[in-house]
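> Starting from these lines, generate the structure:
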Amino acid sequence: MKVFIVYCHPSEDSFTKNMCDAFIRGITDSGNEYILSDLYRMGFQTDMTEEEYLRDANYRNTPDVAEDVLAEQKKINSADAIAFIYPVFWTEAPAKLVGWFDRVWSYGFAYGDEMTMKVLDKAIILCSAGNPIERLEEFGLLDSMKKVMLGDRLFGRAKQMEFIVFDNTSREFEFREKNWDRNLQKAYEIGKAFL
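Residues are numbered from 1 along each chain as shown. Below you'll find the model as predicted:
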């Protein structure tokens, strides 16, 4: 089986990068395959053009979809599952990932009367958060993040969905180093059992 991984972090020196690498090792060690879109390394254009906006805003299912968007859509339809790996920025995915959704979830592909996006078997979100999970829960931020990713962006697009937060990953927290190996082992095990 194959998973399409959409990875989004601006730094190669991050917990999130290590988490992604551990997840990938789990995928391959279980005998499965992956495709990776590293949005920052690819220089993926995340701003919609006016033409893209007008196409989607007017619900026009026309073939004039940008090549970089078509490439991402092909990756989705060639996979059995999708994984999003990113850090939490202000209770949201990085702007580059949000822009990926803006462009790749185009009319006629991810929504509309005649969608061409396949329903994936599984979808998983693995995100790193500087805050402790208790703080995210206390202020309702975790619920908000889940509603946006699972209830809007992935709704109806995967049969099974999961949202996992690796918390206390800010460089200022002693827990980051203390839990580093345990968290990477967890990411590896998630990858190994994912497909």
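
> what element comes up after the lowest-mean-pLDDT helix or strand in the chain heading to the C-terminus?
Least confident helix or strand, the chain: helix 174-178 with a mean of 66, by mean pLDDT, DSSP states H and E. Using DSSP states H and E, the helix or strand that follows helix 174-178 in sequence is helix 180-194.

> Show me the contact partners of that following helix.
Contact with helix 180-194 is made by 3, 15, 18-20, 22-27, 29-30, 32, 81, 83, 122, 124, 126, 164, 166, 169, as judged by C-beta atoms under 8 Å, 6 or more residues apart in numbering. All C-beta spots, glycine's among them, are computed from the backbone N, C-alpha and C.

> Whichever of these end up buried, select them in ChimeraX.
This is how ChimeraX selects the buried members of the contacts of helix 180-194, with burial counted by 16 or more other C-beta atoms under 10 Å:
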select :3,15,18,19,20,22,23,24,26,27,32,81,83,122,124,126,166,169
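
> Mark which of the contacts of helix 180-194 are part of strands, please.
Those of the contacts of helix 180-194 mapping onto strands are 3, 81, 83, 122, 124, 126, 164, 166, per DSSP state E.

> For the second one, which residues are in contact?
Contacts of Ala81 were listed using C-beta under 8 Å, 6+ apart, and they are 1-4, 120-124, 158, 194-195.

> I figured Ile76 hits Met115, correct?
No. Look at Ile76 against Met115 with C-beta atoms under 8 Å: they stay out of range, at 11.5 Å.

> how close does the nearest residue to Lys17 once chain neighbours are set aside get to Cys127?
Once flanking residues are discounted, Lys17 sits nearest to His9: 5.8 Å by C-beta to C-beta, 6 or more residues apart in numbering. Remark: distance between His9 and Cys127 (C-beta to C-beta, to the nearest Å) = 10 Å.
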